[in-house]
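Chemist: Whatever this is, show me its structure:
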Amino acid sequence: EYYEVASSLSYLFWGSLPDQALFDAAAAGQLQTPEQLTAQAQRLLTDPRAREQIGVFTGQWLGADPLTAGEKDPIVYPHYTRAVQEAGDRELVDFINHVIFTGSGDFYELFQANYVFANRALADFYGLAGVPSDQLQLTPVSNGSRGGLLSLVSILAAHAHADDSSPVKRGVFVRKRLLCHELPPPPPTVDNTPPALDPTLTTRERFAVHSSSESCQVCHRYIDGVGFGFEAYNGAGKYRHSENGQLVDDSGHVLGLDAFDPTDLQADLPDISFSGLRELSDLLVTSEAAPRCLTAQYFRYARGYQETAADRCTVENLHQRFTVSGYDLPTLLTTIVASPSYILRRDTHQEGQ
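Modeler: The predicted structure is shown next:
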């Protein structure tokens, strides 16, 4: 029994077999109490092997896994080279590990950091000077063009089309991945093909149909206003001031940030305006939904399934600990193993009778 717990701990934090210390603890029956489990989790988290595993969680949580992020049209985005893509994938891992282990360790820095991790190729793509190395290094950003998860090229490129930015994909990303809002599927009769590219129109103008169509509004009233906040970045994640000869408008709004209700078009929900990704990031970190969603996302990753009604108390207790800690990320990562359900298994045979 305790060897199973040892394996669960090791694969959660290292993605590999237990070490001798875990085997010894299992043999001695010292993987039973919340204190014992938390101490082991804290030990495992300090090992360098945990860095890559945190990168795996981050890629899954944010939908930016390099294997599933997709390719870009090299004719449309010639600056998005293989070197930029590979540096961006690595940057995401280095960034989140820096926040957790070297930075403040708190949730806020994930979204409000004033730096990126860049090498020469990625710095050129970002329009940042003074990075002569091929190795990624912490690079301050003083002009506001980058900062926090939402502005990293790996995130921006993953949630866009091969040849165009996508307010819909990016809006859905925020709603589902960062706020855990469950959007209803589009009606079966709705054509969800993106509006055709038109060199005379901006992306915002092409997607205006969603605001005028009653059938589209059911979902897009929650999506497009959020997605438009990313419009200062093209489909490959490169910063831009203009599109098709017109100044980019990256203003947006979030309807029902902490009071989401996709079923009632007449609901009087708070509608908060913002301008650009920096202000959107500020809204997320001050919301109740975003840190609560991160709790749920980590629970899903750690347990390998989406929470059910039976898990409600476990997830709520985990979130309360996260909240009391001041949204300390190492606390979230380690205290999940202290939950009774982490080492208890439901008797599925009994349930099936």
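Chemist: bridging residues for Y233?
Modeler: Legend: beta-bridge partners of Y233 under DSSP bridges are Y239.
Chemist: how about it, what does it touch?
Modeler: By CB atoms under 8 Å, 6 or more residues apart in numbering, Y233 lies in contact with S151, L156, S165, Y239, R240, L277. C-beta here means a position set from N, CA and C on the backbone, and glycine is covered the same way.
Chemist: repeat for D163
Modeler: So D163 contacts K72, D73, V76, Y77, L197, G235 (CB under 8 Å, 6+ apart).
Chemist: Retrieve the pLDDT associated with the third one.
Modeler: Among the per-residue scores, V76 shows a pLDDT of 95.
Chemist: Would you mind measuring from it to A236?
Modeler: As judged by CB to CB, to the nearest Å, V76 and A236 stand 8 Å apart.
Chemist: Which residue of the two possesses the greater neighbour count?
Modeler: A236 (26 against 15; other CB atoms under 10 Å).
Chemist: Next one: the closest residue to W61 other than its chain neighbours relative to I75, how far apart?
Modeler: Excluding its sequence neighbours, the residue lying closest to W61 (CB to CB, 6 or more residues apart in numbering) is Q297, at 4.8 Å. To I75, Q297 is 36 Å away according to CB to CB.
Chemist: Same drill for these two, tell me which one is more crowded.
Modeler: Q297 (19 against 7).
Chemist: Contact partners for the more buried one?
Modeler: By CB under 8 Å, 6+ apart, the neighbours of Q297 are W61, R177, C180.
Chemist: Closest to P340 out of these?
Modeler: Nearest to P340 among the contacts of Q297: C180, at 23.4 Å, using CB to CB.
Chemist: Tell me how far that closest one lies from C293.
Modeler: Applying CB to CB to C180 and C293 gives a distance of 4 Å.
Chemist: Also D261?
Modeler: 16 Å.
Chemist: Comparing those two, which shows the higher neighbour count?
Modeler: Legend: neighbour count by other CB under 10 Å for D261 and C293, higher for C293 (21 against 14).
Chemist: Let me know the secondary structure of the more buried one.
Modeler: helix (DSSP: H, G, I helix; E, B strand; the rest coil).
Chemist: Any figure for the gap between it and H159?
Modeler: Taking CB to CB, one finds C293 at 16 Å from H159.
Chemist: likewise D282?
Modeler: Taking CB to CB, one finds D282 at 20 Å from H159.
Chemist: So which of these two has more stuff around it?
Modeler: H159 (27 against 15).
Chemist: pLDDT at the more buried one, what is it?
Modeler: We have a pLDDT of 96 for H159.
Chemist: Same check on P66?
Modeler: Note on P66: pLDDT of 77.
Chemist: ditto for T203
Modeler: 89.
Chemist: Ignoring the adjacent residues along the chain, who's closest to it?
Modeler: Excluding its sequence neighbours, the residue lying closest to T203 (CB to CB, 6+ apart) is S165, at 5.5 Å.
Chemist: That neighbour should be in a strand, yeah?
Modeler: No - going by three-state DSSP, the assignment for S165 is coil, not a strand.
Chemist: any idea how far T33 is from it?
Modeler: 51 Å.
Chemist: Looking at the two, which has the bigger crowd around it?
Modeler: Legend: neighbour count by other CB under 10 Å for S165 and T33, higher for S165 (28 against 11).
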